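A.B. asks: okay, here's the prediction I keep looking at, along with the sequence it came from:
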Amino acid sequence: MVDLLAAYSKRADLRQDLAVAVRQLKNAEADQDPHGRSVRGARKRSAIWRIQDRLTEDDVRLLVQRRREGATIHQLAAGFAIGLTSVKRLLREAREQ
């Protein structure tokens, strides 16, 4: 299938992406899970998604303190490994208290 598309496609990057996807599907078929999980479901998520589980109250206080000291929202997001929206929400909630 990839060879057929390679013959007619002018975009090498798309051919390459397709080749990777086909290879992943073939590997998934070969490593088929006996429990019937899908390729996507076979991965374990190691990240904890909720902010409350990732940051302690002390972390939030430190985030607010660093903002008051002049840190940018981008610096805070990178430093605490959270998104910009989460930083903004935590700062807004701290102001409301």
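C.D. replies: In hand now; what should we look at?
A.B. asks: and the longest helix for the chain?
C.D. replies: helix 12-30 (DSSP state H).
A.B. asks: and it, what does it pack onto?
C.D. replies: helix 2-8 (3 or more C-beta pairs under 8 Å, 6 or more residues apart in numbering; DSSP states H and E). Glycine gets a C-beta too; all of them are placed from N, C-alpha and C.
A.B. asks: what pLDDT, on average, does the helix it packs on get?
C.D. replies: Averaged over helix 2-8, pLDDT sits at 60.
A.B. asks: on the three-state scheme, I82 is what?
C.D. replies: coil (DSSP: H, G, I helix; E, B strand; the rest coil).
A.B. asks: look up how far T56 lies from it.
C.D. replies: 13 Å (C-beta to C-beta, to the nearest Å).
A.B. asks: more neighbours, those two?
C.D. replies: I82 (18 against 10; other C-beta atoms under 10 Å).
A.B. asks: for that one, give me its contacts.
C.D. replies: 51, 54-55 (C-beta atoms under 8 Å, 6 or more residues apart in numbering).
A.B. asks: export these to CSV and tack on secondary structure, distance to R61 and pLDDT?
C.D. replies: As requested, the contacts of I82 are exported to CSV (DSSP: H, G, I helix; E, B strand; the rest coil; distance: C-beta to C-beta, whole Å; pLDDT from 0 to 100):
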residue, secondary structure, distance to R61, pLDDT
I51, helix, 14, 80
R54, helix, 15, 83
L55, coil, 10, 89
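A.B. asks: kind regards, and thank you for your time.
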